[in-house]
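[1] Just the structure for this:
(chains A, B, C and D)
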Protein chains: 2
Amino acid sequence: MGGPLPRDPIADAQRNWERRGWGEVAAPMAAITAVMRTQQILLGRIEEVLRPFGLTFARYELLALLGFARGGELPMSRASALLQVHPTSVTNAVDRLQDAGLVERSPHPTDGRTTLVGITAEGRALVERATAALNSGVFAQSGFTDDDVEQLIRVLHGFRRRAGDFTDDP
Amino acid sequence: MGGPLPRDPIADAQRNWERRGWGEVAAPMAAITAVMRTQQILLGRIEEVLRPFGLTFARYELLALLGFARGGELPMSRASALLQVHPTSVTNAVDRLQDAGLVERSPHPTDGRTTLVGITAEGRALVERATAALNSGVFAQSGFTDDDVEQLIRVLHGFRRRAGDFTDDP
DNA sequence: GAAATATACTAGGACGTCCAATGGTCCGCC
DNA sequence: GGCGGACCATTGGACGTCCTAGTATATTTC
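    Next comes the predicted model:
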C-alpha cells in the first residue's frame, strides 16, 4: 500500500495542531490518532494470518468466545455484549460461520426470544489451529516490548473502564 | 448497544489464554485486543461529534490534511500515503466530498497520471468548525491522563516505526 | 387476564476498508 | 523512436460495522 514515509505523519499533525494554537489538545489528538493507526496495522496482520483458515477477525473472535464458553454455546445477545459489538454484527458473523459449518443456531429452551449459537466439532478444530497461528504469527511477535505491553494493558484498561465498558476495579 | 459488564472481557480472555497454557503470549494478546476495543470506542465518539457536520472520520481526515497542505491541494496518491489508507479509500472519500462541494479534483499540470484534490472555500470553513468540535468534544476530554498520553505516543510511535510506517528517529 | 412495555433477533441500507483487475500515462533502456 | 515495466486512479466485489425499522416473545402493570 506504499513504502515507509520519511517522517511520522502523526507527529507532523501534532506540530500542525500546535502551530494553529491548539497546543492544549495536540498531544491527546496525536495519541488518539496513533491508536487508530496501530489498530489498522494490527488488524491487517491478524487478517493476513487468518485468511488461510477462511476466517476474519470478527468470525475468529466469535468462534474463540464460543470455544471458551461452558457447553460451547451462548445466546446471541450475550455474545454481542461480551464482544462489545452491535447485535447485527453478531447476526452477520453467525450467518457466515453457520454457512461454513463452524457454528449452529438453536432455540433457547425456555425463552422463545433467544437464539443460542453453539460451536461445532469442526469449528472447535479450526479455532484451535487458527489460535495457534495467531499466537505464533502475531502475538508472539507483536512488536511491543514487555514494558510496552504492561503499559498498554494498564492505560487502556483504565480508559475502557472510564468509558463504561465494565465496572470492576483490577 | 448494551450497558457495562461486571467484568473486563479482555482480562477474562487473558486468563483463558493462561489457563490453556498460552501464558507466554497472553499479555500481548490482551494488549492488542485492548487496542482494538479502544479504537472502536474512540471512533464512535469521533463519528458522533462529526455527524452534525455531515462528515465521517475518513472524510474529516482528508479534509484536514488538505487544509494543512500548501495550496490546499495534494495528489491523490500523496493523500493516500499520508493518511496511510488504500488508494481506493481516498477515491471513495473524494467522491463523496466532491458531491458535497467540499473538495475539487483537477488534473496535474505536468503528470497526466495524477489527479489533484483541492479543498474548496466551503470545505475550509466546514473543517474549521469540525476541528473545533473535535478539539473540545473529544481531544480535550479524551479520557487519558497526561501521563497516559505521553506513554501512548511513545509506545505507539516506536511500534509504528518498527512496523515500517516511517523511518525517522524522534 | 389484558394492555403496555421491554427484550431478542433479523432485514435493509449506508459507509469505510481492502483486494483484484482495468485503462491510461510516464520513463528508462535498447 | 519505440517498448516494456512502473506508476496512478478508478471500478467492481467482499466484508464488517453501525443505524433504523420491523416482528416475535416475555415481563410488568393495572
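
[2] number of nearby residues for the residue lying closest to residue A:54 once chain neighbours are set aside?
    Across the structure, with C-beta to C-beta, 6 or more residues apart in numbering or on different chains as the measure, the residue nearest residue A:54 apart from its sequence neighbours is residue A:100 (6.6 Å). Backbone N, C-alpha and C define where each C-beta goes, glycine included. Here the neighbour count serves as a burial measure; for residue A:100 (other C-beta atoms under 10 Å in any protein chain shown) it reads 16.

[3] And the helices in chain A?
    All helices of chain A, identified by DSSP state H, fall at A:9-19, A:23-50, A:57-68, A:76-83, A:87-99, A:121-137, A:146-162.

[4] now those in TSV, with mean pLDDT?
    Listed next are those as TSV, based on pLDDT from 0 to 100:
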stretch	mean pLDDT
helix A:9-19	96
helix A:23-50	97
helix A:57-68	97
helix A:76-83	97
helix A:87-99	97
helix A:121-137	97
helix A:146-162	97
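
[5] out of the ones you listed, nearest to residue B:158?
    Shortest separation from residue B:158 across the helices of chain A is recorded for helix A:146-162, at 7.4 Å, computed as C-beta to C-beta.

[6] If you count neighbours, what's buried in that closest one?
    Residues of helix A:146-162 classed as buried by neighbour count (16 or more other C-beta atoms under 10 Å in any protein chain shown): A:148, A:149, A:151, A:152, A:153, A:155, A:156, A:157, A:159, A:160, A:161.

[7] Let me know which of the helices of chain A is tucked in deepest.
    Among the helices of chain A, helix A:57-68 has the highest mean neighbour count (mean count of other C-beta atoms under 10 Å in any protein chain shown), at a mean of 22.

[8] hmm, it in reach of DNA strand D?
    Yes - Helix A:57-68 lies within reach of DNA strand D by C-beta under 7 Å from any atom of the strand, at A:58, A:59.

[9] and the angle from that helix to helix A:121-137?
    Between helix A:57-68 and helix A:121-137, the angle comes out at 110 degrees (axes from the mean of the first three to the mean of the last three C-alpha atoms, to 10 degrees).

[10] what does chain A put close to DNA strand D?
    Applying C-beta under 7 Å from any atom of the strand, one finds that chain A approaches DNA strand D through A:56, A:58-59, A:85-86, A:88-89, A:92-93, A:96, A:110-113.

[11] Chain B next: which of these are close?
    Among these, the ones lying close to chain B by the criterion of C-beta under 8 Å from any C-beta of the partner chain are A:85, A:86.

[12] ok, the residues of chain A next to DNA strand D vs residue A:3, which is closest?
    Closest approach to residue A:3 among the residues of chain A next to DNA strand D (C-beta to C-beta): residue A:56, at 26.5 Å.

[13] domain parsing for chain A?
    Domain assignment for chain A by automatic domain parsing gives A:8-53, A:56-142.

[14] is the first one up against DNA strand C anywhere?
    Looking back up the chat, that one is domain A:8-53. Yes - contact check for domain A:8-53 against DNA strand C, using C-beta under 7 Å from any atom of the strand: residues in range are A:40, A:44.

[15] wait, isn't the residue nearest to residue A:54 in contact with residue A:53?
    No - with contacts counted by C-beta atoms under 8 Å, residue A:100 stays clear of residue A:53, the gap being 10.2 Å.

[16] Let's have the buried residues of helix A:146-162 in a markdown table, adding distance to residue B:128.
    As requested, the buried residues of helix A:146-162 are arranged in a markdown table below (distance: C-beta to C-beta, whole Å):
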| residue | distance to residue B:128 |
| --- | --- |
| A:148 | 36 |
| A:149 | 39 |
| A:151 | 35 |
| A:152 | 34 |
| A:153 | 38 |
| A:155 | 31 |
| A:156 | 32 |
| A:157 | 36 |
| A:159 | 29 |
| A:160 | 32 |
| A:161 | 34 |
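
[17] which two from those end up farthest apart in space?
    Distance extremes for the buried residues of helix A:146-162: the farthest pair is A:148 and A:161 at 20.2 Å, using C-beta to C-beta.

[18] mind checking pLDDT for the residue in chain A that DNA strand D sits nearest to?
    In chain A, no residue comes nearer to DNA strand D than residue A:112, which is 2.5 Å away by C-beta to the nearest atom of the strand. Note for residue A:112: predicted pLDDT of 91.

[19] neighbours around it, how many?
    Using other C-beta under 10 Å, residue A:112 has 8 other residues around it.

[20] distance of it from chain B?
    21 Å (C-beta to the nearest C-beta, to the nearest Å).

[21] Phi and psi next, for that residue.
    Backbone torsions of residue A:112, given as degrees, to the nearest 10, read phi -70, psi -10.
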